[in-house]
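K.L.:
Could you look at this predicted model? Sequence included:
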Amino acid sequence: MSPKKRKKGFQTLTGMHDLLPQIQPYFQRIYQVVEGAANFYGFKKIETPILEEAELFSKGIGLSTEIVERQMYVFKTKGGEYVALRPEGTAPIVRAYIQHGMHNLPQPVKLWYFSPFFRYEHPQAGRYRQFWQFGFEVLGEESPAIDAQLIQIFFNILKELKFKNLVIEVNSIGDSECRPYYKKMLVSYFRAREHSLCSHCRERLRVNPLRVLDCKEEKCQRIKTLAPQIIDHLCQGCHQHFKEVLEFLDELGLPYHLNPYLVRGLDYYTRTVFEIFPTFPEKKKEEESFLPVALVGGGRYDVLVKWLGGKPTPASGGAAGIERIIDLMKKKEIKLPPSPRPQVFVAQLGTLAKRKALKLVEDFRKAKILVEESLGRDSLKGQLRAADRIGVRYVLILGQKEALEGTIILRDMVSGRQETIKLSRVVEEIKKRLKKF
C-alpha cells in the first residue's frame, strides 16, 4: 500500500506535544521546587521504566477503572508479552518496592518521581496523551500524620510556584471493613434513579458503584448531591484515622474543604483521598468555558502492595500534573525567577582570533562565569550589535593583531571606556570586576 500523500510533512501525533525551548524554563522551575521539597522532607528519587507488564495496571488500578478500560496503551511484544505504556506512577513504584526488597529497609520508604506518562484520552486544554507528573509516595507507614504531611508538601510546592487561594478537598472512602456496607446503600440509592444516570454510570453501578460519585456529567452530578455520604458510615478505625488527619490539617492551618463525594478514580485507594484545586477571580465572558481542574490528587493505598504480591504494607501518596500547572501559571501570568544573564561577550575577528576565542570561552566556563559569543559571525559590527541587545557589561574584542600579541581589548559597555590587557589574565580581571556589582 502506498503511503498517503502529505500536505504539511510530519507532525506530532494527536495528543502528543513537543516541549519546546520556551516551555523548558517552566519545567525547570517546577523541577527545582519539587526537588527542593523532596530533599527537605527526605524523599529519594526513583525512575521506573516507561513500559511495564499490562497486568500490573489491570491488577493494581482495577479492571473497571477508566484508565484500564479506555485509556491504556497496551500491545503485544514480539516475544508474546502484553505490555503497557505506564498510565500512572504508583503501581510501578509499588512493583519496584516489592521487587527490590525495600520492605527490608528502614520504614517508611519515601520516594519521589518526575516523569512522563501515557493515556489514550480525548486531548483538551491541559490534557495530553503523553503528559508529565511529579509525585511523592510513602510506603511502610500507617500514621494519619503522613497523609497530612503529603498534602502539606504538595500545597507548599504550589505556593512556592506562586499559586494563591488554593483549596484542598479531602474525604475518607473507608476500607474493606466499612466500604461494602456503604456500597450496598449507594447501589440502592442509584438503582432507584438509574434511568437518569449517564450510560457510563449505569455500567459503573454494576461493576464499581463508588465511581458513579466521580462522574463529571451534569445530570449525574445533580443526582449524587443527595446520595448517602460515606463519612456517615465509616468503621471505628477509619473514623479515627480521618479525624486525626483533619486535626493535623487544622494544626497546619491548611485551607481544606470536606467533600463527602470525593472518591478518586482508582481502585487501590483506601481511607484518605484528597485533591488540590486553584480558585479563580470572577471570569470574563470569554473565559467562562474554563473550569478549574485538580492540580494534585492522591490518597492512602494500604491494599496495593498486597494486591501486587507483597506483604501487607500501609502506604500513601499523590501526584500533580505538570502541564496543568504550567497552563495555569501562564493564565495567571505567574512570572518565573529571572535566569542568570551573561555579563561578558566575546567578540572575534579573523581565523586565529576565532581559535583563541573558542579556547577563551572554555576558560570562562571553568571559572563559572557566564559568557555569550557569536563564533559563527565574522562581522565585528554585527557581534557588537548582538552584545548590545543582550545587555552585557563587558565586551572582549579579539582581532588578528591581538591574537598574535597575546592581548585582548576589554570594553566597558556602560562607560564606553576600553583598554588592552593580557589575554592570559583576562578571566581573573573579569572575575575581579564582576565582584564589584
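P.N.:
Yes, it's here. Small disclaimer: the values here were computed from a predicted structure and weren't measured.
K.L.:
Quickly list the domain ranges of this structure.
P.N.:
Described in terms of automatic domain parsing, the domain architecture of the chain consists of the residue ranges 24-178+234-331, 344-434.
K.L.:
Give the next helix or strand downstream of the helix or strand of the chain with the lowest mean pLDDT.
P.N.:
Comparing every helix and strand of the chain by mean pLDDT, DSSP states H and E singles out helix 66 as the least confident one, with a mean of 67. Counting by DSSP states H and E, the next helix or strand C-terminal to helix 66 is strand 73-76.
K.L.:
Show me what that following strand is in contact with.
P.N.:
For strand 73-76, the surrounding residues in contact (CB atoms under 8 Å, 6 or more residues apart in numbering) are 54, 82, 83, 84, 85, 87, 118, 119, 120. Using the backbone N, CA and C atoms, a C-beta is placed for each residue, glycine as well.
K.L.:
Name the nearest residue to the second one, sequence neighbours excluded.
P.N.:
If the residues on either side of it in the chain are set aside, residue 82 comes closest to residue 54, at 4.4 Å by CB to CB, 6 or more residues apart in numbering.
K.L.:
Let me see the contact set for the one you found.
P.N.:
When contacts are taken as CB under 8 Å, 6+ apart, residue 54 is in contact with 72, 74, 82, 83, 84.
K.L.:
would JSON lines of the residues you listed with pLDDT and neighbour count be doable?
P.N.:
As requested, those are exported to JSON lines (pLDDT from 0 to 100; neighbours: other CB atoms under 10 Å):
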{"residue": "72", "pLDDT": "81", "neighbour count": "22"}
{"residue": "74", "pLDDT": "86", "neighbour count": "14"}
{"residue": "82", "pLDDT": "91", "neighbour count": "12"}
{"residue": "83", "pLDDT": "92", "neighbour count": "19"}
{"residue": "84", "pLDDT": "92", "neighbour count": "21"}
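K.L.:
Residue ranges in the protein under the pLDDT threshold?
P.N.:
Counting by pLDDT under 70, the ranges of the chain that qualify are 1-8, 63-66, 69, 123-126, 280-292, 437.
K.L.:
all strands for the stretch 301-437 of the chain, in order.
P.N.:
With strands called from DSSP state E, counting those that start in this stretch, the stretch 301-437 of the chain shows them at 315-321, 344-348, 371-373, 394-398, 407-412, 418-422.
K.L.:
Also the stretch 51-200 of the chain?
P.N.:
Assigned strands in the stretch 51-200 of the chain, in chain order: 51-53, 73-76, 82-85, 109-118, 130-139, 167-172 (criterion: DSSP E, counting those that start in this stretch).
K.L.:
which of the ones you listed sits most buried?
P.N.:
Burial of the strands of the stretch 51-200 of the chain is given as mean neighbour count (mean count of other CB atoms under 10 Å); strand 130-139 ranks first at a mean of 23.
K.L.:
could you say what helices and strands that one packs with?
P.N.:
Taking 3 or more CB pairs under 8 Å, 6 or more residues apart in numbering; DSSP states H and E as the contact definition, the neighbouring helices and strands of strand 130-139 are helix 24-41, helix 90-99, strand 109-118, helix 144-160, strand 315-321, helix 322-331.
K.L.:
switch the cut-off to 7 Å
P.N.:
Helices and strands touching strand 130-139, by 3 or more CB pairs under 7 Å, 6 or more residues apart in numbering; DSSP states H and E, are helix 90-99, strand 109-118, helix 144-160, strand 315-321, helix 322-331.
K.L.:
and the angle for the first one with strand 109-118?
P.N.:
To tie it back to what came earlier, the one meant is helix 90-99. With axes from the mean of the first three to the mean of the last three CA atoms, to 10 degrees as the basis, helix 90-99 and strand 109-118 are set at 140 degrees to each other.
K.L.:
What is the burial count for residue 384?
P.N.:
A count of neighbours around residue 384, defined by other CB atoms under 10 Å, yields 17.
K.L.:
actually residue 23, not the one I typed
P.N.:
Residues contacting residue 23 under the criterion other CB under 10 Å number 14.
K.L.:
for the one 3 residues further on, same thing?
P.N.:
Residues near residue 26, counting by other CB under 10 Å, number 20.
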